[in-house]
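K.L.:
Have a look at this prediction, sequence included:
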Amino acid sequence: MSETAKTNGELAHSLDVIIVGAGFGGLYALHRMRGMGLSARVLEQGDDIGGTWFWNRYPGARCDVESMQYSYSFSDEIAQEWEWKELYATQPEIHAYIKFVADKLKLRDGIQLNTKVTSAKFDEKTRRWTVTTEAGETFDARYCIMATGCLSVPLAPDIPGLKEFGGEVFMTSDWPKDGVNVAGKRVGLIGTGSSGIQITPRLAEKSAQLHVFQRTPNYSIPAQNRPLDSNYIDMWKKNYPERRKIARAARNNTMNSPGQRSGTEVTPEQFKAELESRWASGGIGFMYAFTDITTNRKVNEMTSNFVRDKIREIVKDPKKAAILAPSNYPIGAKRICVDTDYFDTFNRENVALHDIKADPIKTMSKDGVVLESGETVPLDILVLATGFDAMTGALNRIDIRGVGGKAMKEKWVDGPRTYFGLMVSGFPNMFIVAGPQSPSVFTNMVTSCEQHVDWISDTVKTLDESGKSLIDAEEKAEDAWVAHVSEIADRSLIIEGVNSWYTGANIPGKPRVITPYLGGAVLYMDKLNQATKNDFEGFRVD
Ligand code: N01
């Protein structure tokens with residue numbers, strides 16, 4: 001059946017594949033399904049494609065994976081044609097790239113925007129999924145691909161009196177398309193994760209006064225961003241296949257020269273020199289200086305101290321520096337941030353830092369933020385960079401019913417249970433792209449999305465060719481995978497001593513379990529490929 005098959009002059013609602021989400025994963029899934037001659041449709045809640053890179057359009061938003069790497073690898077033509085401008089691409093540039101790819105592959109007519117999926121139900125007799133939208137439209141398909149994103153449900157904090165505030169409130173994760181004029185305004189910012197750290201310098205340079213309300217300090221490494229010169233671009237373009245191959249052989253699917261030695265194998269001088277060199281070249285590669293920064297307590301502590309010293313060097317006011325330097329959790333336990341001028345921004349006269357761990361926000365009033373101490377911080381604008389209901393948030397907001405009408409949300413009441421983060425036992429023919437318990441957010445997300453979509457496409461093809469119409473994860477295999485994910489996490493320091501979205505601990509009441517797979521992309525793909533080769537070991541195919 002072809003995608004353009006029509007019923008009563010409208011696009012067909014009965015398809016081979018329904019894909020939810022038009023980000024990197026969903027768009028590539030549409031391309032692959034169409035390439036296999038299947039009818040497929042993408043349903044997207046936003047009014048444009050791009051997923052994460054459509055919504056998070058706040059000033060300063062940038063990727064922290066290098067632009068030459070944070071791009072699709074499946075088409076050399078696209079790789080050669082597109083020209084990245086900076087070492088780390090801005091949100092508008094990445095969004096433009098995604099739109100360029102969609103146009104180039106003629107995907108637009110397969111994507112339905114402004115369409116929020118509210119439920120997905122599996123019919124055991126027909127072996128089909130029925131997907132319903134908020135507007136009451138229904139679609140049915142043999143397969144359902146959830147490309148709903150890892151960080152796609154924004155978290156609005158429960159701040160008392162927020163409705164009383166007389167100024168304007170904006171979220172970084174849904175920034176107005178026309179921008180926000182902060183010139184001459186008193187701006188407050190709550191949230192100092194990656195989003196908050198990126199927007200801080202941009203708010204500071206334009207506003208009259210910026211008040212940063214920090215609950216937990218973060219480790220951040222300078223991006224050392226720069227415009228790309230043509231030699232660098234050429235060097236990548238001429239060697240893309242080899243470079244992509246090297247990246248795929250790394251645990252995070254990214255080329256960032258991982259160190260081969262333990263931090264304990266070098267002298268203190270060599271240790272410091274290596275970190276200095278990584279700090280100077282910038283970015284996430286800093287965390288790969290040694291093999292054991294996130295597993296060896298001593299190495300982690302030395303690395304944490306190095307970053308704390310850097311913060312104290314940059315921030316001139318020792319009181320501010322003490323508040324900004326994380327003191328009580330290991331580096332890496334919260335997602336490492338990559339910034340441009342974040343710490344230096346606190347040297348500006350128009351930037352105030354409020355330690356809301358020491359003096360918490362009591363309420364918002366008409367005029368601004370009221371602290372427990374009684375101090376009122378008057379504001380015209382409040383910016384919330386308060387994070388996401390990560391990894392499971394988007395799926396748990398859809399009423400997904402599998403075999404016997406069982407709800408996925410009920411199954412996941414104590415945390416996600418998946419097989420390879422790709423399938424959930426009892427929910428046949430539903431695939432998740434970069435789902436919980438897959439390496440996803442610990443890797444180059446574009447590559448991880450491609451790897452999942454390739455596996456899903458190849459699997460559907462194999463089933464079709466062998467006259468099978470059902471695939472499900474076996475419960476026993478799923479249990480073993482969940483146990484493996486948790487066993488690997490237990491060896492790491494990264495779930496220690498701090499609330500982070502890695503474990504759901506950023507949300508009161510959410511089960512506290514590690515959600516991404518920490519074993520790395522290479523081990524993960526080896527295990528997945530092995531299971532597939534072993535006649536879909538751990539899957540039931542019928
Ligand atoms: O969200 P976060 P994010 N009162 O959860 C604070 C990716 N990303 O949007 O730490 C006061 O990290 C919260 O405080 P605390 C990247 O993977 C990538 O910044 O809970 N504060 C924290 O400071 C990243 O990790 C890029 O004490 C409250 C902040 O809000 C992920 O997205 C750019 C609060 C939330 O930080 C999420 O980043 C942007 C409250 N009630 C994002 N509630 C790049 O590629 C929350 N906070 C570079």
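P.N.:
The structure has been received and is ready for your questions. Just so you know, these numbers come straight off a predicted model, no measurement behind them.
K.L.:
For the residue in the stretch 51-200 of the chain that the ligand sits nearest to, list the residues it contacts.
P.N.:
In the stretch 51-200 of the chain, the residue that lies nearest the ligand is G193 (2.3 Å; C-beta to the nearest ligand atom). (C-beta placed from N, C-alpha, C; glycine too.) With contact set as C-beta atoms under 8 Å, 6 or more residues apart in numbering, G193 has these partners: N218, K334, R335, C337, A385, G387.
K.L.:
and the ligand, which of these contact it?
P.N.:
Intersecting the contacts of G193 with the contacts of the ligand gives R335, A385, G387 (criterion: C-beta under 6 Å from any ligand atom).
K.L.:
Closest to I488 out of the contacts of G193?
P.N.:
R335 (17.6 Å; C-beta to C-beta).
K.L.:
Shouldn't H211 be within a helix?
P.N.:
No: the assignment for H211, made by DSSP: H, G, I helix; E, B strand; the rest coil, is strand rather than a helix.
K.L.:
okay, now it: neighbour count?
P.N.:
Using other C-beta atoms under 10 Å, H211 has 22 neighbouring residues.
K.L.:
Per-residue pLDDT of G26, please?
P.N.:
pLDDT for G26: 98.
K.L.:
That one touches T52, doesn't it?
P.N.:
No: under the criterion of C-beta atoms under 8 Å, G26 makes no contact with T52, lying 11.4 Å away.
K.L.:
who has more neighbours, those two?
P.N.:
G26 (28 against 22).
K.L.:
now the longest helix anywhere in the chain, how far from the chain's geometric center?
P.N.:
Using DSSP state H, we find that the single longest helix of the chain is helix 445-465. Relative to its chain's centre, helix 445-465 lies at 20 Å (C-alpha atoms, centre = their mean, to the nearest Å).
K.L.:
C-terminal to it, what's the next element?
P.N.:
Where DSSP states H and E defines the elements, the next helix or strand beyond helix 445-465 is strand 471-473.
K.L.:
Identify the residues contacting that next one?
P.N.:
So strand 471-473 is contacted by 403, 418-419, 423-429, 459, 463, 536, 538-542 (C-beta under 8 Å, 6+ apart).
K.L.:
One more pass at 10 Å, please.
P.N.:
Identification of contacts with strand 471-473 by C-beta atoms under 10 Å, 6 or more residues apart in numbering yields 122, 143, 402-403, 417-420, 422-431, 456, 459-460, 462-463, 478, 481, 536, 538-542.
K.L.:
What's the first helix or strand after it?
P.N.:
For strand 471-473, the succeeding helix or strand toward the C-terminus, using DSSP H and E, is helix 475-490.
K.L.:
Now list whatever residues contact both of G26 and T52.
P.N.:
Residues touching both G26 and T52 by C-beta under 10 Å, 6+ apart: G149.
K.L.:
Now list the buried members of the contacts of G193.
P.N.:
Buried by 16 or more other C-beta atoms under 10 Å: N218, K334, R335, C337, A385, G387, out of the contacts of G193.
K.L.:
Could you count how many residues lie near the closest residue to the second one other than its chain neighbours?
P.N.:
Excluding the flanking residues, the one nearest K334 by C-beta to C-beta, 6 or more residues apart in numbering is S500, at 4.6 Å. As a burial measure, the neighbour count of S500 was computed by other C-beta under 10 Å and equals 19.
K.L.:
Which of the three states applies to E93?
P.N.:
Relying on three-state DSSP, one would call E93 helix.
K.L.:
what residues are up against the nearest residue to it once chain neighbours are set aside?
P.N.:
Closest residue to E93 apart from its sequence neighbours, by C-beta to C-beta, 6+ apart: K85 at 6.2 Å. K85 sits next to S67, E93, P227, L228, I233 when contact means C-beta under 10 Å, 6+ apart.
K.L.:
Where does the prediction get shaky in this protein?
P.N.:
The model of the chain has pLDDT under 70 over residues 1-11.
K.L.:
re the thing from before, tell me the one of the contacts of G193 nearest V299?
P.N.:
For the contacts of G193, the nearest to V299 is K334 (17.8 Å; C-beta to C-beta).
K.L.:
G136 against V117, yeah?
P.N.:
No: here G136 lies out of contact with V117, judged by C-beta atoms under 10 Å, at a distance of 11.8 Å.
K.L.:
Would you mind telling me which of those two has the busier surroundings?
P.N.:
Remark: of G136 and V117, V117 carries more neighbours, 25 against 7, as counted by other C-beta under 10 Å.
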